[in-house]
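Asker: I need the structure of the sequence given here:
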Amino acid sequence: WLLHYELVSNNHASVYNLTFNHFRKHRTEFTKDHLITFLKNRSTEYSKLPADSTLETDIGVFLKTYIKPASHNGRKNIEDQFSSLLLELNLIKEIEEVEITENEKKTWYKFETSTQESLPSEVFLYAILDNDRYSNSITFQELLNSENSPASIFLLTPDALSTKIEALTTKFENIVYTDD
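Answerer: Modelled structure (predicted):
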């Protein structure tokens, strides 16, 4: 979870940051082409349009990080198995493969927004404390929707966010949560 947080929040690999903070707010289900189009549009806003091959490679690496690799003839490529470092987080799932033509298939993916029960309280708290946008008092909406918010990065539902906050108040006496 901490590695995932660092990949998204530090923005060294902008695909991770833009995908979790922005793209997923527009589409919960997507194809590689949807993500490419979104990233190209965002890139033109900053006058930094990467080469198509670079974008394809970056998105391929991004998806391999979260998606279980397909086996070829019952065998799995050892390199692919080790590139799926964040597979166990279950943040993105492959949901459907649609045949476009005889030689072309489109794979659909889905962001798995959930309670994220395996997310440790300490990592959740770190994500709050590490965010420079937050002060001593933070609104629920900021934790839910702001750039690099815990809900955006960890794909938490509003109820799950509330539960995670309440768990922090139980575990750490200096943390106070009010819902007014």
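
Asker: who's in contact with Ser135?
Answerer: If you count contacts by CB atoms under 8 Å, 6 or more residues apart in numbering, Ser135 has none. In this view, the C-beta of every residue, glycine as well, is placed from N, C-alpha and C.

Asker: tell me the secondary structure of it, please.
Answerer: Under the three-state scheme (DSSP: H, G, I helix; E, B strand; the rest coil), Ser135 adopts coil.

Asker: can you tell me how far it sits from Lys40?
Answerer: Taking CB to CB, to the nearest Å as the measure, Ser135 falls 35 Å from Lys40.

Asker: setting aside sequence neighbours, what's the nearest residue to Ile153?
Answerer: When the adjacent residues along the chain are set aside, Ile153 lies closest to Val8, with 4.9 Å between them (CB to CB, 6 or more residues apart in numbering).

Asker: that neighbour: neighbour count?
Answerer: Using other CB atoms under 10 Å, Val8 has 21 other residues around it.

Asker: contact partners for it?
Answerer: Applying CB under 8 Å, 6+ apart, we find Val8 in contact with 16-17, 20-21, 148, 153.

Asker: can you check Asp179 too?
Answerer: 140, 162.

Asker: at 10 Å what do you get?
Answerer: Asp179 is in contact with 140, 162, 165-166, counting by CB atoms under 10 Å, 6 or more residues apart in numbering.

Asker: quick check, central residue of this structure?
Answerer: Residue closest to the average C-alpha location in the chain (CA atoms, centre = their mean): Phe20, at 4.0 Å.
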